[in-house]
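Enquirer: Sequence unavailable; structure follows:
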């Protein structure tokens, strides 16, 4: 393993500039959720050039590239859509320039999570040059629509395409730490009804806006009362009002309809049913209705797919064979033990592990705090190390004995 690890490191280093260049090229092709077609075609070309044994696009529009023919499946995943740029004036460089300077690649998505995608392409190349023929089929998945609806692409892969890995890796940014879980989340819409009347005599009506306002403060109180998980690994759940709206017959009237929209983060042991009931109890008679919305959008391929906006919590044990395999791959490459932790935000893991129970770890270049921020960047050093880790992992898993 030591000689093999050294060979992988040497190859990753030799492709260092190429990996950074690949990331730069990917960034230069914008791809918001549902509009990823051009970026997928670029990645398809890159995977073929890297020598993948099989490259295909699924029915929703995600790209899959395979190395090896083993009986077990290891999937290494990067979502390749990004959020929009926000306020352009806050960017010091063009968000889609992909500028490489001073050991950094700049641009929207460099950390979240196109850096992972670029490193995966280099890992394909390394595995092919090493003539990998082990016990795994290593599938590199470049998935779509995650920013709009995390995990839906994997719900489609598993439930519609019947693509079910034995193990999976998310390349979302971890600062090259080894992650084994994160909180789940859900979106909740709360509706309020009042009685409209002329604004000159508000006492004649019942304001739905005031009901919504009281309810927003009730959510602030509920957030302070939510408890952490038993072992303290994932931390406490949270709830925040992310949007409010009220309207009536005119701007000279008491509003008769109002809404608050909630972002609810779920720690271990918290469920959709529990979260909805907590809201009902906290809002009492002010609440007219509460519901979990449905995400409903057409992919870049024209495929209509939908799901409820509920994303289950997930984690795997610290001594799980996949964590041990990741630990061994990291130690074999870098001569140190990785930091084992969890994400603060949500990933495709909500479907892979949370919904479908497939063991998952996270390891990615870049930093979580760069996600959705202006002047997003990632380190070229991270790209090099991540590509080595992805190439080393199937060998480490076989040594750990997880492929038998």
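Expert: Nice, thanks for sending it over. It should be emphasised that the depicted structure is a prediction, and the values quoted were computed from it without experimental measurement.
Enquirer: before we move on, which element is residue 217 in?
Expert: helix 208-225 (DSSP states H and E).
Enquirer: Please identify the buried residues of the helix or strand following that helix?
Expert: Toward the C-terminus, helix 208-225 is succeeded by strand 238-247 as the next helix or strand (DSSP H and E). Under the neighbour-count criterion of 16 or more other C-beta atoms under 10 Å, strand 238-247 has 238-239, 241, 246 buried. (Each C-beta comes from the backbone N, C-alpha and C, glycine too.)
Enquirer: any chance of those residues in CSV, plus distance to residue 150 and pLDDT?
Expert: Converted to CSV, the buried residues of strand 238-247 look like this (distance: C-beta to C-beta, whole Å; pLDDT from 0 to 100):
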residue, distance to residue 150, pLDDT
238, 17, 98
239, 18, 98
241, 21, 98
246, 29, 98
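Enquirer: of all those residues, which comes closest to residue 210?
Expert: Proximity of those to residue 210 (C-beta to C-beta) peaks at residue 246, which lies at 8.9 Å.
Enquirer: thinking that closest one is in contact with residue 208, fair?
Expert: Yes - taking C-beta atoms under 8 Å as the definition, residue 246 is a contact partner of residue 208 at 5.9 Å.
Enquirer: Common neighbours of the two, please.
Expert: Common contact partners of residue 246 and residue 208 (C-beta atoms under 8 Å, 6 or more residues apart in numbering): 255, 257-258.
Enquirer: So which other helices or strands are in contact with the top helix by length along the chain?
Expert: If you go by DSSP state H, the chain has its longest helix at helix 380-400. If contacts are counted by 3 or more C-beta pairs under 8 Å, 6 or more residues apart in numbering; DSSP states H and E, helix 380-400 sits against helix 2-14, helix 16-27, strand 72-79, strand 104-106, helix 115-129, strand 136-143, strand 167-170, helix 321-334.
Enquirer: Would you tell me which of those gets closest to residue 388?
Expert: Using C-beta to C-beta, the nearest of the helices and strands packed on helix 380-400 to residue 388 is helix 2-14, at 3.8 Å.
Enquirer: Buried residues, the closest one. List them.
Expert: Here helix 2-14 shows 4-5, 8-9, 11-12 as buried, counting by 16+ other C-beta under 10 Å.
Enquirer: can I see the domain layout of this structure?
Expert: 2-182+313-400, 185-298 (automatic domain parsing).
Enquirer: buried ones in the longest helix of the chain?
Expert: By neighbour count with 16+ other C-beta under 10 Å, helix 380-400 contains the buried residues 380, 382-400.
Enquirer: just stretch 300-307 next, same as before
Expert: For stretch 300-307, by 16+ other C-beta under 10 Å, it's 300-301, 305, 307.
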